[in-house]
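Enquirer: Attaching a predicted model along with its sequence, questions to come.
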Amino acid sequence: MPPTLEAMELESLGAYIKNRRDRVTPADVGLPTYGTARRVPGLRREELAQLAGVSAGYYTRLEQGQAGTASRQVLDALARVLQLDPTETAHLHNLARQPTAPRLARPRPEKPHPRVLALLASLDETTPALVLGRRGDILAWNRIGHALLAEHVDFDAPHDLARRPSVPRMFFLDPLARDLHQNWDELARIHVAYLRLTAGRYPTDARLAELIGELSMRSADFAALWPAGDVADCTVGTMHLRHPTVGRVSVDYQVWLQPDSPDHRLEIYTPHDPVSADALRLLSTQAADQPLREPTPPT
């Protein structure tokens, strides 16, 4: 059972910059240490404040959540010293915009936009594809996308809100999904980092808070990765699979964002090598023999 909303503690700006401060060493920013022992793993508060051009007192209050709203200039200065990449910097700004005590709300169930479904339907059936919601729920998939990543799940499940598959839940809680991915450890870090980025974008999403809480309680792997504080977008990469039907297959994934529904992502998989292309063609032929209906919006 997912934890109660009251038990969830959303990430704060102070917690994030403290986590990142611990990762930056004096050598990383050109500060001498003169060989003396240090009590902190990364920069001291005073060092970070000086490098960012703010007072030590103000930075301390910011880290403790007592400084109110930070300006864009201060946030950009912190991002520079903390050596954040553009995605991590965007997350920093998202956290800074959060209210001190955001009230969680339960958003309406997601529905894929008809134009996204039309694009999905236009893809060749040798090209696996999924439509993902903001929390990683599978809103629609084509036959080979289903056959490639979750053939043990009912094809019609995305149309039923009670049974709609969740990629994060399958990835961390479904043993069959874990066995499918040969580079599971690499992909797990990406999943966790993307969920953290999403949590910064939608701090009041109760369903997202419940998902993170459920994974933290039910998956030791997720619980170990979440405190690291990593943030990353999930747009391109490679998945190495050990498929139960066609054997070893590697696919490159790429994500297409839709202006009409910016929360939704069309994820497309293409073969990584000629052997994988042959495997996908075989899988497509087998999937086409199944009497499955085409994806339509849920009611």
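Expert: Okay, I see it.
Enquirer: separation between the spatially most central residue of the chain and Gly65?
Expert: Nearest to the geometric centre of the chain sits Tyr194, at 2.0 Å (Cα atoms, centre = their mean). According to Cβ to Cβ, to the nearest Å, Tyr194 and Gly65 sit 25 Å apart. C-beta coordinates here come from the backbone N, C-alpha and C atoms, glycine included.
Enquirer: Also Val40?
Expert: Distance, Val40 to Gly65, using Cβ to Cβ: 19 Å.
Enquirer: quick one, phi/psi of the residue nearest to Leu95 when sequence neighbours are not counted?
Expert: Distances taken as Cβ to Cβ, 6 or more residues apart in numbering place Leu13 nearest to Leu95, at 4.2 Å, with adjacent residues excluded. Backbone torsions of Leu13, given as degrees, to the nearest 10, read phi -60, psi -40.
Enquirer: and Leu13, what does it touch?
Expert: Contacts for Leu13 (Cβ atoms under 8 Å, 6 or more residues apart in numbering) come out as Leu62, Gly65, Ala70, Leu92, Leu95, Ala96, Gln98.
Enquirer: about what we covered before: hang on, the residue nearest to the centre of the chain packs against Asp230?
Expert: No. Using Cβ atoms under 8 Å, Tyr194 is not in contact with Asp230, being 9.5 Å away.
Enquirer: From the chain's centroid, how far away is the host helix or strand of Asp252?
Expert: Assigning secondary structure by DSSP states H and E places Asp252 in strand 247-258. Averaging C-alpha positions (Cα atoms, centre = their mean, to the nearest Å) puts strand 247-258 15 Å from its chain's average.
Enquirer: And that strand, what's buried?
Expert: Of all the residues in strand 247-258, those buried under the rule 16 or more other Cβ atoms under 10 Å are Val249, Ser250, Val251, Tyr253, Gln258.
Enquirer: excluding its backbone neighbours, what's nearest the last one?
Expert: Nearest residue to Gln258 in three dimensions, chain neighbours excluded: Val116, at 5.2 Å (Cβ to Cβ, 6+ apart).
Enquirer: Could you list the domains of this protein?
Expert: Per automatic domain parsing, the structural domains of the chain span 5-97, 114-288.
Enquirer: Highest mean neighbour count out of those?
Expert: Mean neighbour count (mean count of other Cβ atoms under 10 Å) peaks for domain 114-288 among the domains of the chain, with a mean of 18.
Enquirer: average pLDDT for that one?
Expert: Domain 114-288 shows a mean pLDDT of 93.
Enquirer: Which strands border the strand holding Asp252, and is each parallel or antiparallel?
Expert: strand 236-243 (antiparallel), strand 261-271 (antiparallel) (DSSP bridges).
Enquirer: what's the closest non-adjacent residue to Leu225?
Expert: Leaving aside its chain neighbours, Leu225 sits nearest to Val192 (4.4 Å; criterion: Cβ to Cβ, 6+ apart).
Enquirer: Is the one you found within a helix or a strand, and which one?
Expert: Using DSSP H and E, Val192 falls in helix 184-201.
Enquirer: so what secondary structure elements neighbour that helix?
Expert: helix 86-97, helix 167-173, helix 206-218, helix 220-225, strand 236-243 (3 or more Cβ pairs under 8 Å, 6 or more residues apart in numbering; DSSP states H and E).
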